[in-house]
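Engineer: Have a look; sequence and predicted model below, questions after that.
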Amino acid sequence: MTIHKDGEWYVAIDPVTGVATQGKSVDDALKNFQEAFELWFENAEDWEKERALKGEPVATMRIEIKV
């Protein structure tokens, strides 16, 4: 899971599960992420849970954009 600032919001995203939340502070974003992840986990398929617990992303990419 990563957290980045987007304007006035802190956004928490897990690239493995796709779970994403936001908050006005890092702590708020983390609290919201915990709740969202628990809800996701309750409804996830077994294979999704296994992948999430292993922390294996399907693919990752980092790009740079010049403006």
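Structural biologist: Right, received. Where do you want to start?
Engineer: Quick check: mean pLDDT of the biggest helix by length in the chain?
Structural biologist: Across the chain, the longest stretch assigned as helix under DSSP state H is helix 26-43. Per-residue pLDDT over helix 26-43 has a mean of 95.
Engineer: Check the offset of the helix or strand following it from the chain's centre.
Structural biologist: Reading on from helix 26-43 to the C-terminus, the next helix or strand found by DSSP states H and E is helix 46-54. Between the centre of helix 46-54 and the centre of its chain there are 14 Å (Cα atoms, centre = their mean, to the nearest Å).
Engineer: Can you list the buried residues in helix 46-54?
Structural biologist: R51, A52 (16 or more other Cβ atoms under 10 Å). The C-beta positions use only the backbone N, C-alpha and C, and glycine is treated the same way.
Engineer: Could you tell me the angle between the direction of that helix and that of helix 26-43?
Structural biologist: Between helix 46-54 and helix 26-43, the angle comes out at 150 degrees (axes from the mean of the first three to the mean of the last three Cα atoms, to 10 degrees).
Engineer: about what we covered before: could you list the buried residues of the longest helix of the chain?
Structural biologist: Going by neighbour count (16+ other Cβ under 10 Å), the buried part of helix 26-43 is A29, L30, N32, F33, A36, F37, W40.
Engineer: The nearest residue to the third one once chain neighbours are set aside - how many residues pack around it?
Structural biologist: If I follow you right, that is N32. With Cβ to Cβ, 6 or more residues apart in numbering as the criterion, N32 has its nearest non-adjacent residue at 3.8 Å, and that residue is T21. T21 is flanked by 22 other residues according to other Cβ atoms under 10 Å.
Engineer: T21: what secondary structure?
Structural biologist: Taken by DSSP: H, G, I helix; E, B strand; the rest coil, the conformation at T21 corresponds to strand.
Engineer: can you check A12 too?
Structural biologist: A12 - assigned by three-state DSSP - is strand.
Engineer: and if you look at I3?
Structural biologist: strand.
Engineer: ok, back up a step: packing partners of the longest helix of the chain?
Structural biologist: Contacts defined by 3 or more Cβ pairs under 8 Å, 6 or more residues apart in numbering; DSSP states H and E place helix 26-43 against strand 2-6, strand 9-13, strand 20-23.
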